[in-house]
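[1] What shape does this take:
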Amino acid sequence: MSTPETTRGEPYQAPPVMAPSGDGHGPSSEAGGPGGRRRRRGRRAAALAAAGVLAAGAAWWTVARPQAGRDDPSGNQPATTTAAVAARDLRAQEKVQGTLGYGDTRAVANQRQGTITWLPEEGAVIRRGQALYRVDGRPVQLFYGRLPAWRELSVGVDDGPDVRQLERNLVALGYDPNRVITVDDHFTSATRAAVKRWQEVVGLDQTGVMRPGDAVWQPGAVRVGELKAAVGDAARPGSPVLEVTATSRQVAIDLDARRQPYVHAGDPVDIELPGGRTTTGRVASVGKVATASGDGDPTSDSSPTVEVTVSLDEPEATGSLDQAPVDAYITTEVREHVLAVPVNALLALAEGGYAIEVERDGRRGLVGVTLGLFADGMVEVEGGGLRAGDRVVVPA
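    You can find the predicted model right below:
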């Protein structure tokens, strides 16, 4: 019996188990007679140390553990205690590979004609209204917006969301001091006046016309990645200048698409950083479109994946590494409102199957069980009329 080593908790389909007896204190009538007692004493399994041991495929071994109240010919009486059968949710965590960084890179292309006269340093954070680079000494500033600039904006242009996007930036940067702009899809004379104020500050001709190359549009503040040009290079429309990313550190995971239904935004994630340090985060987003892996190789047996993004609870704890590999423990299976017992309560039966020893009304007897999910040192069990609150025997 084995499961992947990368799994903290896995659903496990057990072999056929012995049916419980009518009174719920033994696995079958076969085990009830004198011969059955002898077999039972030779078929008890040493309890597992933790759920991870079983999930990692550790071997089972059989030892004798005498029934409470019976003499042990060897003179050894293993110490036992009891634990409650719990009604709870179980969550299995699987170790997956992730990449620590700042998210996907986005290329920035120049739209002005001239010469590049200034570039930021790689790793610099640029915010709204700051220069992302300069052409002929004039800044190309960062404006916030998801729409690219594809047309000139001026009085008389057709209404559109790109006008609203521009007006929102002009207001945020203080170029509407008298608050006469109505932020909407319509370019008005008030919008034109605000554009002219902005052009005066940045050193452009005060035309009141916003051209596509006058600003760079990004969803928010950006972190400068790799520079694609150098100071002194010719600036031509469409030529690459640099790459940018988001400013928040995160972990990106390519998750097996079969696990996608079990992973949700807000789920906690444990992260192991290079060097062995650990930190925590939460699932920020779960992709809905599966992507084939294996680099397009049709013969690859790799499963399709979905992208999972994890935000960090303490980004500063991750240092300054970018594109660094990390291990992430992410919830990949959930069982709600199930009965669970400590893993070390399990007993393997020589004829196959598993049982637990239940204490009821001062008596102890074996109850055959089927196994479900292993997680957090517990295992999901069914069978034998078990109820929450029943006491099961475990090593002391």
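
[2] Let's verify L166: helix, strand, or coil?
    helix (DSSP: H, G, I helix; E, B strand; the rest coil).

[3] Figure out how far the helix ranked longest in the chain is from the centre of its chain.
    Using DSSP state H to define each element, the chain has its longest helix at helix 189-202. Put simply, helix 189-202 sits 45 Å off its chain's centre (Cα atoms, centre = their mean, to the nearest Å).

[4] and whichever helix or strand comes after that helix, average pLDDT?
    Using DSSP states H and E, the helix or strand that follows helix 189-202 in sequence is strand 215-218. Regarding strand 215-218, the rounded mean pLDDT is 97.

[5] So which other helices or strands are in contact with strand 215-218?
    strand 138-144 (3 or more Cβ pairs under 8 Å, 6 or more residues apart in numbering; DSSP states H and E). In this view, the C-beta of every residue, glycine as well, is placed from N, C-alpha and C.

[6] now the host helix or strand of V308, how far from the centre of its chain.
    Element membership for V308 (DSSP H and E) is strand 305-312. Centroid separation for strand 305-312 versus its chain: 5 Å, with Cα atoms, centre = their mean.

[7] I'd like to know which elements it is packed against.
    Using 3+ Cβ pairs under 8 Å, 6+ apart, the elements in contact with strand 305-312 are strand 250-256, strand 268-272, strand 278-286, strand 324-342.

[8] out of those strands, which comes closest to V171?
    Closest to V171 of the helices and strands packed on strand 305-312 is strand 278-286 (Cβ to Cβ; 29.1 Å).

[9] In stretch 307-327, which residues are buried?
    Of the residues in stretch 307-327, E307, V308, T309, V310, S311, L312, T318, A324, V326, D327 count as buried by neighbour count, 16 or more other Cβ atoms under 10 Å.

[10] in those, which two residues are the furthest apart from each other?
    Greatest spacing in the buried residues of stretch 307-327, by Cβ to Cβ: E307 and T318 (19.3 Å).

[11] which residues of the stretch 201-350 of the chain score low on pLDDT?
    Low-confidence segments of the stretch 201-350 of the chain (pLDDT under 70): 293-301.

[12] List the residues that contact R138.
    If a contact means Cβ atoms under 8 Å, 6 or more residues apart in numbering, then R138 has V202, G203, L204 as its contacts.

[13] Now A345, what are its backbone angles?
    Taking degrees, to the nearest 10, you get phi -90, psi -10 for the backbone angles of A345.

[14] ok, back up a step: mind putting the helices and strands packed on strand 305-312 into TSV with distance to W217?
    Below are the helices and strands packed on strand 305-312 laid out as TSV (distance: least, Cβ to Cβ, whole Å):
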stretch	distance to W217
strand 250-256	22
strand 268-272	32
strand 278-286	22
strand 324-342	30
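
[15] So for F374, which of those sits nearest?
    strand 324-342 (9.4 Å).

[16] That closest one: how far from the chain's middle?
    How far strand 324-342 lies from its chain's middle: 12 Å, per Cα atoms, centre = their mean.

[17] buried ones in it?
    For strand 324-342, by 16+ other Cβ under 10 Å, it's 324, 326-335, 338-342.

[18] Does that strand pack against any helices or strands, and if so which?
    Judged by 3+ Cβ pairs under 8 Å, 6+ apart, the packing partners of strand 324-342 are strand 86-101, strand 250-256, strand 268-272, strand 305-312, strand 363-375, strand 378-382, strand 391-395.

[19] And the third one, what's buried?
    Translated: strand 268-272. By neighbour count on 16+ other Cβ under 10 Å, the buried set for strand 268-272 is V269, I271.

[20] Work out the sheet partners of it and label each with its direction, please.
    strand 278-286 (antiparallel), strand 324-342 (antiparallel) (DSSP bridges).

[21] Select, out of those, the one closest to D136.
    Of all the strands paired with strand 268-272, strand 324-342 comes closest under Cβ to Cβ, at 38.5 Å.

[22] Please name every helix or strand in contact with the helix or strand just after that closest one.
    Using DSSP H and E, the helix or strand that follows strand 324-342 in sequence is strand 347-348. Here strand 347-348 touches strand 354-360, going by 3+ Cβ pairs under 8 Å, 6+ apart.

[23] Run the angle between the strand it packs on and strand 363-375 for me.
    With axes from the mean of the first three to the mean of the last three Cα atoms, to 10 degrees as the basis, strand 354-360 and strand 363-375 are set at 130 degrees to each other.

[24] how far off strand 378-382 does strand 354-360 point, in degrees?
    80 degrees.

[25] elements contacting strand 354-360?
    With contacts taken as 3+ Cβ pairs under 8 Å, 6+ apart, strand 354-360 sits against strand 347-348, strand 363-375, strand 391-395.

[26] Just the buried positions in the last one, please.
    Right, strand 391-395. V392, V393, V394.
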